[in-house]
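Colleague: Take a look and give me a structure for this.
(one chain, ligands or ions: 1)
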Amino acid sequence: MKILVINAGSSSMKYQLIDMTDESVLAKGNCERIGVDGHFKHTTGDGRVYETDVTMNNHTEAFVQIKNALISDEYGVIKSLDEVSAIGHRIVQGGALFSESTLVTEEVISGIESLIPLAPLHNSAHVQGIRACIEVFGEAVPQVVVFDTAFHSTMPPKAFIYPVPYEYYEKYSVRRYGFHGTSHRYVSARCAELMGKDIKDLKIITCHLGNGSSITAIKGGKVIDTSMGLTPLDGIMMGTRTGSLDPSVVTFIAEKEKLSPTEMDTLLNKKSGFLGVSGVSSDDRDVTAAAESGNERAKLAIDILEYDILKYIGSYTAVLGGVDAIVFTAGIGENQQSHRSNVCHSLEYMGVKISDKLNDEMIRGKEGKISTDESSVDVFVIPTNEELVIARDTMALVTKK
Ligand code: ADP
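Modeller: The predicted structure is shown next:
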């Protein structure tokens, strides 16, 4: 069975075609700048690359590019679209409506649409992606939606209710939802596998550190708390997002600079974090290089990031009542051994011991344990694979009778 995984953004559409017999990626790619000037890149599992500037006015036109590449003589990986058995979509916001992956129906699409106020850019793009899929593939190909928020739906109210007047939870569903759930779910399950233990018996803290970052506390396979909130702005400092702040900072700057809520939203989401503090870049590699060459603000940005990670691990160890394993994943978690090293050495008070040699080796897609046998907490680097989880969920739902 071959499954197409789609991650539709407002101006982009990423895809992977996965052969479920061995879970290999047959092809992957990205349609960028949809509705602007348009760029398309398609790479096959055996290394053939097709890249072109092409105007795509909407998601349906992007889908036509994907379809043509998949079946092309030169860059194709399948003979006809009939070989695509099902399509799985990543959906950012499932709200309180969706606590697990589900088959797409008109009712499900309406549900995702009803959550657009909570994730305006993302959920509207996802709906466009689903509709474009129906136009290009027809109704006969089943589609499944997999939600970033779903894994976090087990959080207790004390973790998800904000202490603002309760009426805003009732009126507007304002609460913590959490994101990156598919990634936290994948790496926590993989962590239990690597430990050879049942996840039901484990307390795990998963650190997804990328452009967007979130940390999650998982007890017995269920999320009990996570750092992102109503939106992906909360939690630890990120590439361009602030993470948690005293809310008065927002009103103070808005008043001083005479900024509207929309302008403030841009400042907090796009101009802050690594970029805002360092003034260098939102990218960890650039900021680390600048810090190494003596840039004090770049060094400060890195200190804040590592301090934030440390604080979350500390507080989540408290709420879990101890921790058996800590997992690092995503671009920074998988590749920046210096942050892992600084964070883990600061955790020595609670018995964490990592091997600097193993830590240095665990980069660029390698998976494994970086803690020593003496460590009282296992520490892992586990490359995330959200697309595979989406493909697995899709297969499970379309083959369920
Ligand atoms: P996104 O949240 O967009 O999926 P990623 O998980 O790809 O982001 O993470 C992007 C971050 O990871 C960037 O800050 C980047 O510097 C860092 N990163 C990615 N690859 C590497 C690498 N090979 N070495 C060091 N850092 C990396």
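Colleague: C-alpha from now on. contacts and neighbour counts both.
Modeller: OK.
Colleague: does the ligand sit close to stretch 183-198?
Modeller: No: applying Cα under 6 Å from any ligand atom, one finds stretch 183-198 separated from the ligand by no less than 10.4 Å.
Colleague: Put the alpha carbons of that stretch into CSV.
Modeller: Presented in CSV, the C-alpha positions along stretch 183-198 are these (Å, rounded to 0.1, in the frame of the first residue of the first chain):
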residue,chain,number,x,y,z
SER,A,183,6.3,14.2,17.0
HIS,A,184,6.1,13.8,20.8
ARG,A,185,4.0,10.7,20.3
TYR,A,186,6.5,9.2,17.8
VAL,A,187,9.6,9.8,19.8
SER,A,188,8.1,8.8,23.2
ALA,A,189,6.9,5.5,21.7
ARG,A,190,10.3,4.9,20.1
CYS,A,191,12.0,5.8,23.4
ALA,A,192,10.0,3.0,25.1
GLU,A,193,11.0,0.6,22.3
LEU,A,194,14.7,1.5,22.7
MET,A,195,14.4,1.0,26.4
GLY,A,196,12.7,-2.4,25.9
LYS,A,197,9.9,-1.3,28.3
ASP,A,198,6.2,-0.8,28.2
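Colleague: What average pLDDT does it get?
Modeller: Taken as a whole, stretch 183-198 has a mean pLDDT of 98.
Colleague: who touches that stretch?
Modeller: Taking contacts as Cα atoms under 8 Å, 6 or more residues apart in numbering, the residues outside stretch 183-198 that touch it are 151, 199, 202, 204, 206-208, 216, 218, 221, 325, 327, 329, 368, 380, 382-386, 389.
Colleague: repeat for stretch 356-372
Modeller: 194, 334-337, 340-341, 352-355, 377-383.
Colleague: Which other helices and strands does the least confident helix or strand in the chain by mean pLDDT contact?
Modeller: When each helix and strand of the chain is scored by mean pLDDT, DSSP states H and E, helix 120-137 comes last, with a mean of 90. Contacting helix 120-137 under the criterion 3 or more Cα pairs under 8 Å, 6 or more residues apart in numbering; DSSP states H and E are the following elements: strand 2-8, helix 59-71, strand 84-91, helix 106-114.
Colleague: got the angle between the third one and helix 120-137?
Modeller: Regarding strand 84-91 and helix 120-137, their directions subtend 170 degrees when assessed with axes from the mean of the first three to the mean of the last three Cα atoms, to 10 degrees.
Colleague: Which residues outside strand 84-91 are in contact with it?
Modeller: Residues contacting strand 84-91 (Cα under 8 Å, 6+ apart): 1-8, 122-123, 126, 130, 141-148, 390-391, 393-395, 398.
Colleague: Pull up the gap between the residue of the stretch 51-200 of the chain found nearest the ligand and A189, please.
Modeller: Closest contact between the stretch 51-200 of the chain and the ligand, by Cα to the nearest ligand atom, is at H180 (9.2 Å). Distance, H180 to A189, by Cα to Cα, to the nearest Å: 14 Å.
Colleague: Comparing the two, which residue is more hemmed in?
Modeller: H180 (24 against 17; other Cα atoms under 10 Å).
Colleague: close to the ligand, is the longest helix seen in the chain?
Modeller: When the chain is parsed with DSSP state H, its longest helix is helix 296-320. No: Helix 296-320 lies out of reach of the ligand by Cα under 6 Å from any ligand atom, never closer than 11.1 Å.
Colleague: I'd like the distance from that helix to the chain centre, please.
Modeller: Centroid displacement of helix 296-320 relative to its chain, using Cα atoms, centre = their mean, to the nearest Å, is 19 Å.
Colleague: Check whether the helix or strand following it comes near the ligand.
Modeller: With elements assigned by DSSP states H and E, the helix or strand that comes after helix 296-320 is strand 325-329. No: Strand 325-329 does not reach the ligand (Cα under 6 Å from any ligand atom); its nearest approach is 7.9 Å.
Colleague: could you say what helices and strands strand 325-329 packs with?
Modeller: Packed next to strand 325-329, using 3+ Cα pairs under 8 Å, 6+ apart, are helix 181-195, strand 203-209, strand 378-381.
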